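K.L.:
Model the structure of this input:
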Amino acid sequence: MIEGSIRAGLEGVSGILIFLLITIFAVPIHYLSIAIILIAIYWIQKSFKLKKLYIKELQSAIEKRELNFEELTLDIQDEAMVKTINLALNNDDESQQILALEMIKDIPLTPWKQSLNKLLNDGEISVKKEILKISFDDENIISDEKIISLINNESDLEIESIEIAGKRKLTDALPSIKELINDDDKEKQLIAVAAIRNIDPDSSSKEKDLLLRAFDSKDENICSLIIKQMKNDNEILPDDKLIKYLNDESFLVRNASLSVAESRTSLELLPHIIQCLAEPRSAIPARSALQVYNDEEVVRLLIQQTQNQNAEKSLVIGVIRTIKKYPTKDSIDMLLSAVSPKVPPIQSEAVDSLIHIVREFPLDEKQIAITKEELIKTSRYAYEKIIALSQIEKNENNQLLRYLLQNEVRKLIPVIMKLGIMDKPQTPIETYIQYVLNNEEDKLPYVLEFFENIFSQEERKIVNSLIDDLSIEEKCKVAKNHFPELTTNLNKFLGYYIGTVQELKVALTLDYALRTDNKEILAKANWSNLPDSFIINDIITRHSNKNPDSLNMWPIDDYLLDSNQLTMYSTLEKAMILKSVDLFASIPSQELIRVAQIAEEEEHQTDASLCKEGDFGDCMYIIADGKVKVHKGNHTLVELEKGAFVGDMALLDQEPRSADLTTSSDTTLLKISQDAFYELMSSNFEIMNGILKIISSRLREAQAKI
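P.N.:
Numbers count the residues shown, from 1 in each chain. Okay, here's the model as predicted:
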C-alpha cells in the first residue's frame with residue numbers, strides 16, 4: 001500500500017514534469033531519461049524509508065496493544081511484516097505474543113511455523129492454548145504426532161488436544177482418548193467421548209449414551225459444551241433438536257446452538273436464529289449466524305417480525321439493530337415506518353439504523369420528507385412531556401416521576417437531531433449530540449450554528465428551544481406557540497401513562513395519583529389488567545394499608561400482597577435513596593428500579609461490625625437510617641449518616657476493605673451484593689452505561705489532580 005501510494009504520486013508528478021519540459025521548455029526527449037532515473041532513485045529511497053517507519057510504528061502498536069484488528073490487513077508476502085510478527089512472537093512479553101497470535105489467526109500461518117512450534121514447546125499455557133486454537137485444522141503447522149504427544153504428556157493442554165484430535169479424526173489418538181471415558185472431570189470426559197464419536201462414528205453405544213445424556217443435563221455449561229462438540233453430527237444433534245436449544249432459557253445454551261446453526265445454514269433454523277435477537281446476550285452470535293444465510297430471505301423474515309403485532313418489543317429492537325446490515329429498499333421502508341415517536345425505544349433504534357444505512361445509500365425526496373415530518377411529531381412529543389413536568393410539584397415524593405419525564409425528553413433530543421440530518425447524513429451529528437447531552441455550554445454556540453445550516457427556519461425555532469438554556473416556563477411558551485393542539489392537561493397526559501402496559505409508567509403514575517387522590521387519573525387505569533409487577537402491587541398494598549377506604553371503588557383485591565412480602569422500605573423508596581448515590585446518579589428511573597429490587601434491607605443494632613479491614617469486599621452499603629463509623633482500630637476516620645454509602649467500588653472490583661465498618665446507632669442498611677449486581681448489569685445496557693460514565697468521570701477528575 002505504501003509503495004503503491006508513493007509510486008502513484010511520483011507517476012503523477014513525472015507526467016506533469018514531462019509535459020512542462022516538452023511543451024514549454026522544449027527539452028529533447030532523450031534528456032528526460034535522466035529525470036526518470038533520478039525520480040526512480042528518489043522513489044526507492046523514500047519507499048524503504050517509509051516502509052521502515054511503518055514497520056517501526058507497527059512494532060510500537062503491538063507493544064502498546066493499540067491495533068484495530070477490523071481495519072488491519074496483513075500481507076504474508078511482505079517480508080518486513082512477517083519479521084515484525086516474528087519479533088512479537090519471540091518476545092518475552094506474553095501479552096505481545098497473544099496480540100500477535102490474534103493478528104494472524106485468520107491468515108495462513110506458514111511464515112511463522114517455526115516460532116509457533118517453539119512457543120508450543122516453551123511458551124506460557126495461555127499462549128499454547130491460543131496456538132492450538134488458531135491452528136487446529138492445519139497439520140502442516142502443528143503435526144498430528146505433536147497433537148497426540150500433547151494428549152499423553154501435557155495435562156494442561158489435554159482437553160484442547162483431544163478436541164483437535166477429534167476434529168482431525170486421528171485414529172492413532174483413540175487408545176489414549178478412550179482411557180478418559182471414565183474420567184472424574186466431566187468436561188474432559190465429554191470432550192473425550194465427543195472426540196471418539198467424531199473419529200469413529202460407529203463406536204460403541206456407551207459413548208453415544210453418554211453424549212445423549214449430556215444433552216439432557218440441567219447444567220447449562222455441560223449442555224452448551226456438548227452442543228458445540230456435536231456441531232457436525234446430525235444424528236445425535238439433528239436440526240429439530242437444535243431448534244429446541246436455540247429457544248432455551250439459558251443464553252449459554254442458545255449461543256452454543258447459534259454457533260452450530262451458523263455452520264449448517266438450514267432454512268428451518270432461520271426463524272429461531274432471529275428469535276435470539278431479542279436477548280442482548282445472544283444478539284451478537286445471532287447476527288453472526290444470519291450472515292451465512294441468503295440476504296433476501298433474512299430481510300424478508302426480519303421485516304415479517306416487525307409486522308407481527310404480537311412480537312415482543314425486545315425482539316423488534318433486536319431486528320431493527322440487525323437490519324442496518326441489510327441496506328435494501330424494503331429495509332429502509334421498514335425503518336421509516338418505525339421512526340414514529342409512539343414507541344420511543346423502537347424509534348431511537350430505528351433512527352440509529354436508518355442513519356447508518358443512508359450514509360451509504362441516500363434517501364430520496366419522499367423519504368426525506370417522512371423524516372422531517374417525524375422530526376416535528378417527535379419535537380411535539382418532547383414538549384408535551386416538558387409541559388407535564390412543569391405541572392408536577394418538585395418534592396421528594398415526585399422525584400422519580402419527574403426524573404422519568406426528564407430522562408424521556410433527554411432521550412428524544414438525539415433522535416430529533418438525527419432526523420434533522422437525514423438529507424445530509426455525512427454530518428458528524430454524534431459530536432454535536434454529545435455537546436448537548438453533556439451540557440457543554442461553551443460548545444452550545446457551535447451547535448446552534450450547526451442548526452442554522454441544517455434545519456429550516458421553522459424547524460430551528462422548535463428544536464433550538466429544546467436544547468437552549470431556557471427556563472421550563474419559556475420552553476412551554478414556545479411549545480404552545482408552535483403546537484396549538486398540544487396535550488397541556490396533566491390529568492389527560494398522566495391518564496395515558498397509567499393506561500399503558502409499561503410497568504414503570506404505570507407504577508409511578510399510580511403512585512402519584514394515589515398520593516394526590518386524583519380520581520380522574522385513577523379512572524384511566526386498566527384495573528382488570530394492570531401489568532404483572534411486584535412494584536405496582538407493592539404501591540397498591542401500602543396505600544391500601546395506609547388509607548383503607550380510599551380504594552374501595554377500585555378492584556384491587558388481586559393486587560394486594562401478604563404482609564410477609566412487604567419490606568420496611570418500598571421499592572420506590574429504595575430507588576429514591578439509590579438516586580442520591582454517586583454510582584447510580586446517571587442511571588435512568590426504570591433501571592434504577594431494577595437496582596432497587598436487588599437491594600436487600602439489613603437492620604443492625606449499635607456497635608454491630610459490618611466488616612473488618614482486609615475483608616474481601618463483595619457488596620456496598622447505603623445507609624437508609626442510622627449511623628456507620630469508618631475506623632481503623634480505635635481511630636475514627638469518618639462517621640456516615642443517612643443517605644451516605646460505602647463500598648461502592650466493591651461492586652466493581654474485589655479489593656479488600658480498607659477500613660473497619662461499625663454501626664454507631666441502630667441502623668438500617670440497603671445492601672447490594674456484587675453477584676446480583678453483575679447479573680443485573682450483564683443484561684442491562686443502560687445500567688452498564690451509567691456505571692461507565694461515573695467511572696470515566698472519576699478517572700478524569702483523578703487525572704486532573706495529577
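K.L.:
Going along the chain, name the helices of the stretch 301-450 of the chain.
P.N.:
Along the stretch 301-450 of the chain, the segments classed as helices by DSSP state H, counting those that start in this stretch run 313-323, 329-337, 344-358, 365-391, 399-419, 429-437, 444-454.
K.L.:
Other residues contacting stretch 285-303?
P.N.:
Surrounding stretch 285-303, the residues in contact under the criterion Cβ atoms under 8 Å, 6 or more residues apart in numbering are 255, 258-259, 261-262, 265, 267, 270-271, 273-274, 276-277, 318-319, 322-323, 325-326, 328, 330-331, 334. For every residue, glycine as well, the C-beta is placed using N, CA and C.
K.L.:
What residues sit buried inside that stretch?
P.N.:
Using 16 or more other Cβ atoms under 10 Å as the test for burial, stretch 285-303 gives 285, 286, 287, 289, 290, 293, 298, 299, 301, 302, 303.
K.L.:
Stretch 250-268 now?
P.N.:
Of all the residues in stretch 250-268, those buried under the rule 16+ other Cβ under 10 Å are 250-258, 260-262, 264.
K.L.:
May I see the residues you listed organised as a markdown table, with distance to residue 653, pLDDT and secondary structure added?
P.N.:
Below are the buried residues of stretch 250-268 laid out as a markdown table (distance: Cβ to Cβ, whole Å; pLDDT from 0 to 100; DSSP: H, G, I helix; E, B strand; the rest coil):
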| residue | distance to residue 653 | pLDDT | secondary structure |
| --- | --- | --- | --- |
| 250 | 27 | 91 | coil |
| 251 | 25 | 91 | helix |
| 252 | 25 | 92 | helix |
| 253 | 30 | 94 | helix |
| 254 | 30 | 95 | helix |
| 255 | 27 | 95 | helix |
| 256 | 30 | 94 | helix |
| 257 | 34 | 95 | helix |
| 258 | 32 | 95 | helix |
| 260 | 36 | 93 | helix |
| 261 | 37 | 94 | helix |
| 262 | 35 | 91 | helix |
| 264 | 41 | 88 | helix |
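K.L.:
and of those residues, the nearest to residue 239?
P.N.:
Distance to residue 239 across the buried residues of stretch 250-268 (Cβ to Cβ) is lowest for residue 264, with 7.0 Å.
K.L.:
Do I have it right that that closest one meets residue 239?
P.N.:
Yes - with contacts defined as Cβ atoms under 8 Å, residue 264 counts as touching residue 239 at a distance of 7.0 Å.
K.L.:
can I assume residue 622 sits in a strand?
P.N.:
Yes - with DSSP: H, G, I helix; E, B strand; the rest coil as the criterion, residue 622 is located in a strand.
K.L.:
Report the contact partners of it.
P.N.:
If you count contacts by Cβ under 8 Å, 6+ apart, residue 622 has them with 577, 578, 581, 599, 643, 644, 645, 669, 670, 672.
K.L.:
Leaving out the residues flanking it, which one is nearest to the third one?
P.N.:
What that stands for is residue 581. residue 645 (4.9 Å; Cβ to Cβ, 6 or more residues apart in numbering).
K.L.:
what's the burial count for the one you found?
P.N.:
A count of nearby residues for residue 645, using other Cβ atoms under 10 Å, gives 21.
K.L.:
so what's the backbone phi/psi at it?
P.N.:
Listed backbone geometry of residue 645 is phi -140, psi 160, with angles given as degrees, to the nearest 10.
K.L.:
That one pairs with what?
P.N.:
On the basis of DSSP bridges, residue 645 takes part in beta bridges with residue 622.
K.L.:
mind checking how far it is from residue 680?
P.N.:
17 Å (Cβ to Cβ, to the nearest Å).
K.L.:
returning to what we had before: pull out the buried members of the contacts of residue 622.
P.N.:
Buried residues within the contacts of residue 622, defined by neighbour count using 16+ other Cβ under 10 Å: 577, 578, 581, 599, 644, 645, 669, 670, 672.
K.L.:
In strands only, show me those residues.
P.N.:
In strands, judged by DSSP state E, the following of the buried ones among the contacts of residue 622 are found: 645, 669, 670, 672.
K.L.:
Export those residues to a markdown table and append columns for distance to residue 404 and pLDDT.
P.N.:
As requested, these are exported to a markdown table (distance: Cβ to Cβ, whole Å; pLDDT from 0 to 100):
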| residue | distance to residue 404 | pLDDT |
| --- | --- | --- |
| 645 | 23 | 82 |
| 669 | 26 | 91 |
| 670 | 21 | 91 |
| 672 | 22 | 86 |
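K.L.:
re the thing from before, as TSV, the contacts of residue 622 with distance to residue 390 would be great.
P.N.:
Formatted as TSV, these follow (distance: Cβ to Cβ, whole Å):
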residue	distance to residue 390
577	26
578	26
581	28
599	32
643	28
644	33
645	32
669	37
670	32
672	34
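K.L.:
related to what we said a few turns ago, and which of the buried residues of stretch 285-303 is nearest to residue 235?
P.N.:
Within those, proximity to residue 235 (Cβ to Cβ) peaks at residue 289, which comes in at 21.8 Å.
K.L.:
Got the phi and psi for that closest one?
P.N.:
Its backbone dihedrals place residue 289 at phi -70, psi -40, with angles given as degrees, to the nearest 10.
K.L.:
Can you list the low-confidence ranges for the stretch 601-706 of the chain?
P.N.:
Within the stretch 601-706 of the chain, the stretches falling below the threshold (pLDDT under 70) are 649-652, 654, 682-686, 689-706.
K.L.:
Okay, helices next: where are they in it?
P.N.:
Counting by DSSP H, counting those that start in this stretch, the stretch 601-706 of the chain has helices at residues 674-682, 685-705.
K.L.:
What residues sit buried inside the first one?
P.N.:
Read it as helix 674-682. By neighbour count with 16+ other Cβ under 10 Å, helix 674-682 contains the buried residues 674, 676, 677, 680, 681.
K.L.:
isn't the fourth one right next to residue 599, touching?
P.N.:
Yep, that's residue 680 we're talking about. No - if you go by Cβ under 8 Å, residue 680 and residue 599 don't touch, sitting 10.8 Å apart.
K.L.:
Quick check: closest non-adjacent residue to residue 199.
P.N.:
Leaving out its chain neighbours, the residue that sits closest to residue 199 by Cβ to Cβ, 6+ apart is residue 169, at 5.0 Å.
K.L.:
just residue 356 next, same as before
P.N.:
residue 324 (4.4 Å).
K.L.:
Name all residues that make contact with the one you found.
P.N.:
Listed by Cβ under 8 Å, 6+ apart, the contact partners of residue 324 are 331, 335, 352, 353, 354, 356, 357.
K.L.:
and of the residues you listed, the nearest to residue 637?
P.N.:
Minimum separation from residue 637 among the contacts of residue 324 (Cβ to Cβ) is found for residue 352, which lies at 46.8 Å.
K.L.:
can I assume the closest one is in contact with residue 418?
P.N.:
Yes - taking Cβ under 8 Å as the definition, residue 352 is a contact partner of residue 418 at 7.3 Å.
K.L.:
More neighbours: which of these two?
P.N.:
Using other Cβ under 10 Å, the more surrounded residue of residue 352 and residue 418 is residue 418, with 22 against 16.
K.L.:
I'd guessed that one sits against residue 353; true?
P.N.:
No - look at residue 418 against residue 353 with Cβ under 8 Å: they stay out of range, at 10.7 Å.
K.L.:
any low-confidence regions in this structure?
P.N.:
Scanning the chain for pLDDT under 70 picks out 1-78, 203-204, 649-652, 654, 682-686, 689-706.
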